[in-house]
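In: For reference, the sequence and a predicted model appear below.
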Amino acid sequence: MSTLDTRFHQLHQQGLLILTNVADATGARLVEHLGGRAVATSSAAVAWAHGYPDGNALPLERLVSSVEAIARVISVPLTVDVEGGYSDDLGRVAEVLDAVIAAGAVGINIEDGSADPQRLARKIELARTVAAKRDVKLFINARTDVYLRSLVPAEDRVAETLRRARLYQAAGTDGLFAAGVSAAYEIEAICKGTILPVNVLGFDGLPSPQALQALGVRRLSAGSGIAEFLYGAMGGLVQSFLATGRLDTRDLKAFTYGEVNGLLK
């Protein structure tokens, strides 16, 4: 068992763990350089970086190469977003999970989407088995899309989230990612309704990190938000350069070549 897996579990018991999700090794190294206690990937950002859409489309070899590259340049725990395991075939899911763990991940996000929650429960059980064979204490973060996909009426979302939390906990998950919840009273109800460390997604209008911690949240994720901003900024720069031949950076500040290259030395 590595020390990184143990450390990652401990980080969920030490206040609020803030994870700034990245797409690649240089982004991961930057997060660590700026004080990130762990690094997380965004499935969308990784897929976009390879020219694929988010949604179980990224080939396994591209995912694995990204995880290996990130693990090579950081010394903090790495958790990888594996969407729904990139398949509903459990044999294929096992292959994906084993490859990601072998590449350096000590945590995963795995999601239910709009499928039967029992399907994710089986994948969680499988992840625990696969990780044990690698002697890794994998932190499994079960993402439920009750809020993101509006799977039940608004008044039933807390109860349905907690029902799934119990199911996923019984299957062996270590954390609950209630992606999309933003109202303080609902966040508090979810945190009080489960013993699992609760993860929320950094939407606009979310309570402050201090308030989230007081409500019981243990993990805050950026999701694909950073990548969305970066591509937007790139689009603005490209549009300006095509039109004027000048880089209109306005309030943006570019890194120098030396700053970026220095991160990887």
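Out: Cool, the structure landed. Numbering: from 1, shown residues only.
In: just checking, residue 85 touches residue 113?
Out: No: in this structure residue 85 lies outside contact range of residue 113 using C-beta atoms under 8 Å: 10.6 Å. For every residue, glycine as well, the C-beta is placed using N, CA and C.
In: who has more neighbours, those two?
Out: Set residue 85 next to residue 113 and count neighbours by other C-beta atoms under 10 Å: residue 85 wins out with 26 against 18.
In: contacting residues for that one?
Out: 92, 93, 96, 97, 110, 123 (C-beta atoms under 8 Å, 6 or more residues apart in numbering).
In: Please tell me how far residue 207 sits from residue 217.
Out: Noted for residue 207: a distance of 9 Å to residue 217, by C-beta to C-beta, to the nearest Å.
In: The closest residue to residue 180 other than its chain neighbours: what's it in contact with?
Out: Nearest non-adjacent residue to residue 180, counting by C-beta to C-beta, 6 or more residues apart in numbering: residue 147, 3.1 Å away. Remark: with contacts taken as C-beta under 8 Å, 6+ apart, residue 147 is in contact with 157, 161, 178, 179, 180, 181.
In: Helices of the stretch 151-265 of the chain, residue ranges please.
Out: 157-171, 184-193, 209-215, 225-244, 257-263 (DSSP state H, counting those that start in this stretch).
In: Out of the ones you listed, which is closest to residue 203?
Out: Evaluated over the helices of the stretch 151-265 of the chain, closeness to residue 203 peaks at helix 225-244, with 8.4 Å, by C-beta to C-beta.
In: neighbouring contacts of that closest one?
Out: So helix 225-244 is in contact with 20-23, 27, 42, 44-45, 48, 202, 246-249, 252, going by C-beta under 8 Å, 6+ apart.
In: one more time with 10 Å, if that's ok
Out: Contact with helix 225-244 is made by 20-24, 27, 31, 42, 44-49, 54, 201-204, 222, 224, 246-250, 252, 254, as judged by C-beta atoms under 10 Å, 6 or more residues apart in numbering.
In: Name the residues of that helix that are buried.
Out: 225, 226, 227, 237 (16 or more other C-beta atoms under 10 Å).
In: For the third one, which non-adjacent residue is spatially closest?
Out: Pointing back at residue 227 there. In space, and not counting its chain neighbours, residue 227 is closest to residue 45: 3.7 Å by C-beta to C-beta, 6+ apart.
In: How about residue 37?
Out: That would be residue 11: by C-beta to C-beta, 6+ apart, it lies 5.7 Å from residue 37.
In: That neighbour and residue 218 touch, don't they?
Out: Yes: assessed by C-beta atoms under 10 Å, residue 11 is found in contact with residue 218 at 8.8 Å.
In: Between the two, which contacts overlap?
Out: With C-beta under 10 Å, 6+ apart as the test, residue 11 and residue 218 both reach 17, 197.
In: can you pull out the helices in the stretch 1-150 of the chain?
Out: Using DSSP H, counting those that start in this stretch, helices in the stretch 1-150 of the chain cover 3-11, 25-33, 43-49, 60-73, 90-103, 117-133.
In: outside of the first one, which residues touch it?
Out: By that I understand helix 3-11. 2, 17, 19, 37-38, 71, 74-79, 101, 104-107, 131, 134-139, 174-175, 197, 218-219.
In: go with 6 Å
Out: 17, 37, 38, 77, 106, 107, 136, 137, 139 (C-beta atoms under 6 Å, 6 or more residues apart in numbering).
In: again, but for the second one
Out: Defining contact as C-beta under 6 Å, 6+ apart, one finds that helix 25-33 is touched by 20, 22, 39, 69, 70, 73, 74, 76, 263.
In: Relative to residue 128, how far out is the fourth one?
Out: Yep, that's residue 69 we're talking about. Counting by C-beta to C-beta, the gap from residue 69 to residue 128 is 26 Å.
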